[in-house]
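J.: Compute the structure for the input listed below.
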Amino acid sequence: MRPIRRRSVRGSALLLTVVSVVVLTALSAAILAVTASSQRESRSASEEIRALYLAETATSDLITSLRVELRNPTGPAGNPAMPVIGSAAAPRSFASGAYYGSVVDNGDGTYTLTSTGVAGSATQTIEVVVDSLAFGIFANAVFAGNTDGTPNYALDFGGQGTQGDEIQGDVYSGGDIGIRQDADVRGRMRATGTITGGSGLQGISQPIPDIAAMDYPNVHDVDVAGAFQSDGVWRSSSLGGSAHEVPADNPAHIFRKNPSDRSADIAATPKDDFFLEDPYEGVHLDPQQDGRDATHISLTGGPNPGPDGNNLMYFVDGNLWLHNKDTYSFKLTQPGSATGVRVTFVVRGNIYFSDNLFLLNKNKDAVAFIAIKDPAEPDSGNIYFGDPTYGTLKEMNAFLYAENDFYDHNLDASGSSEVHLRGIMSAGNQVDIQRDFRGQHSKLTVEFDDRVWTGKVELPGLPGSSGAGGGGTVLSWRRVPTL
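T.: As a prediction, this is how the structure comes out:
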């Protein structure tokens with residue numbers, strides 16, 4: 001009986017082993033099935049996400065292409081050709097996937113971008129409607145927002161024959177635009193109101209920079225007024241009279257505060273006056289007013305003493321002047337800079353330009369001036385452009401924005417026969433051009449500098465449009481079925 005019992009035990013063990021193997025095999029198969037399903041779901045989810053990222057990449061490429069096309073139209077009769085990237089049959093390969101997309105002009109200043117991303121077996125399509133893509137202040141030669149909503153406000157250009165105003169770039173007005181006599185606008189015109197003397201888009205409203213969001217009084221690199229309060233000393237200079245100055249190793253040394261030889265100018269303003277001029281550089285007259293012998297304004301850093309004063313935002317709580325009795329012209333420099341001069345001046349007050357401003361390298365250098373409102377001072381946030389008394393302003397190279405008004409004055413008979421601005425002339429409210437005097441017209445030439453708009457140049461602290469960042473307002477974003 002004992003051998004039989006052993007066989008019975010062995011048989012039971014064998015049966016238990018077989019059952020265990022069957023159970024484990026079933027469990028393994030189930031686990032493998034679950035794992036495979038999970039992997040498929042994970043792979044599918046990953047592909048969906050990648051496809052969405054690729055669709056967004058297509059949108060970014062379309063926006064870039066659209067900006068270029070709107071700036072330099074290549075379509076029939078000089079109209080923009082709407083960009084197309086690849087197709088469903090021949091998408092553009094990118095990052096182990098692909099994408100394609102196209103743009104439709106809606107005819108009302110908005111554009112619809114449809115972009116599809118493909119990753120594995122997944123596709124994602126998004127539809128984005130953009131407004132003001134090319135219409136922010138940095139995309140226009142002249143911009144007047146008319147935020148006060150003044151009825152019948154008109155941005156006017158005039159002049160006869162060779163003295164006709166010449167605007168080389170786009171123009172926007174939050175009111176009307178008037179082109180009279182022999183003035184010429186070589187760009188697209190857009191207006192909330194009507195356009196006379198030329199053609200363009202009417203009934204278009206564009207956003208203005210969101211100055212409040214920038215919080216300039218608290219967010220800046222150099223507090224100019226603060227530097228003078230802590231380090232300013234009163235001394236004379238070859239630049240004229242005596243004034244408050246700071247040491248050469250202070251980035252704010254490129255200003256002089258309240259110089260005595262311009263007391264009449266200072267007395268006419270309600271705040272302290274800071275003159276952009278470098279007391280540590282020699283004075284040059286620049287008699288031809290062409291910048292070849294301009295008085296230098298040298299930033300700290302490089303071979304100069306002190307920390308780097310380049311690529312900074314300077315905040316001036318007061319008024320800023322470019323106006324000197326002993327020179328016609330100034331030039332911003334920082335010897336040895338590989339990227340060129342890149343600075344922004346933000347002024348809580350008014351800006352007055354009476355002298356020329358040149359750049360050492362027009363391809364690398366760039367400067368912006370922004371006048372913002374002072375809540376405690378009604379006369380603030382304005383730019384006054386031109387010297388009505390002496391006519392010493394002939395050329396300006398800068399991006400200019402006034403939160404309030406831009407006054408382009410040159411009223412006197414001795415005023416300049418022509419003023420040339422390379423950059424932008426812009427205002428949140430109105431650009432007021434007054435260049436007629438006793439039958440004469442002083443020509444205004446604005447040559448649009450597209451380097452900020454195209455991203456070739458980055459300047460510190462530039463404002464974006466309200467609700468738009470810096471690159472155009474996104475009116476809608478949604479996923480749509482892939483066709």
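
J.: Quick one: low-confidence residue ranges for this structure.
T.: For the chain, applying pLDDT under 70 flags the ranges 1-23, 26, 28-43, 71, 131-135, 388-391, 411-415, 465-473.

J.: got the domain boundaries for it?
T.: 2-133+472-480, 137-448 (automatic domain parsing).

J.: Residue 462: which of those domains is closest?
T.: domain 137-448 (6.3 Å; CB to CB). Any C-beta I mention is one placed from the backbone N, CA and C, and that applies to glycine too.

J.: Quick one: end-to-end length of the closest one, please.
T.: Domain 137-448 stretches 11 Å from its first residue to its last (CA to CA, to the nearest Å).

J.: Spit out the contact partners of residue 121.
T.: Contacts here follow CB atoms under 8 Å, 6 or more residues apart in numbering; on that basis residue 121 touches 44, 47.

J.: thinking again about what came up before, need the domains of the chain in TSV (columns: distance to residue 462).
T.: Shown next, in TSV, are the domains of the chain (distance: least, CB to CB, whole Å):
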stretch	distance to residue 462
domain 2-133+472-480	15
domain 137-448	6
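
J.: Return the most buried member of those.
T.: Among these, domain 137-448 has the highest mean neighbour count (mean count of other CB atoms under 10 Å), at a mean of 20.

J.: chain center to that domain, what's the gap?
T.: 16 Å (CA atoms, centre = their mean, to the nearest Å).

J.: Next: stretch 95-110.
T.: Using CA atoms, centre = their mean, the offset of stretch 95-110 from its chain centre is 23 Å.

J.: how far does it stretch from start to finish?
T.: Taking CA to CA, the first and last residues of stretch 95-110 lie 30 Å apart.

J.: Point out the one among the domains of the chain that comes closest to residue 457.
T.: domain 137-448 (4.6 Å).

J.: And the helices in the chain, which stretches?
T.: 2-71, 211-214, 224-231, 263-267 (DSSP state H).

J.: Which residues does residue 346 form beta bridges with?
T.: Beta-bridge pairing for residue 346 (DSSP bridges): residue 315, residue 370.

J.: any idea how far it lies from residue 358?
T.: In this view, residue 346 and residue 358 are 21 Å apart by CB to CB, to the nearest Å.

J.: go on, residue 59?
T.: 40 Å.

J.: Quick check: residue 400 touching residue 424?
T.: Yes. Counting by CB atoms under 8 Å, residue 424 is a contact partner of residue 400 at 6.3 Å.

J.: so residue 147 makes contact with residue 208?
T.: Yes. Between residue 147 and residue 208 a contact is recorded at 6.1 Å, counting by CB under 8 Å.

J.: and for the two, which residues touch both?
T.: Shared contacts of residue 147 and residue 208, counting by CB under 8 Å, 6+ apart, come down to residue 428.

J.: hey, C-alpha coordinates of stretch 159-168 in PDB?
T.: Only the C-alpha atoms of stretch 159-168 are listed here, as PDB (Å, rounded to 0.1, in the frame of the first residue of the first chain):
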ATOM      1  CA  GLY A 159       3.400 119.200 -48.700                       C
ATOM      2  CA  GLN A 160       3.900 120.100 -52.300                       C
ATOM      3  CA  GLY A 161       6.400 118.700 -54.800                       C
ATOM      4  CA  THR A 162       9.700 117.600 -53.300                       C
ATOM      5  CA  GLN A 163       8.500 118.900 -49.900                       C
ATOM      6  CA  GLY A 164       5.700 116.300 -49.700                       C
ATOM      7  CA  ASP A 165       5.800 114.100 -46.600                       C
ATOM      8  CA  GLU A 166       7.100 110.600 -47.300                       C
ATOM      9  CA  ILE A 167       6.200 107.700 -45.100                       C
ATOM     10  CA  GLN A 168       8.000 104.500 -46.000                       C
END
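
J.: which residues are contacting that stretch?
T.: By CB under 8 Å, 6+ apart, stretch 159-168 touches 141-142, 157-158, 181-187, 417-418, 433, 435, 440-448.

J.: Tell me which of those residues fall in strands.
T.: Judged by DSSP state E, strands contain the following of these: 142, 157, 184-185, 418, 433, 440-441, 443-448.

J.: out of the residues you listed, who's nearest residue 241?
T.: residue 418 (30.7 Å).
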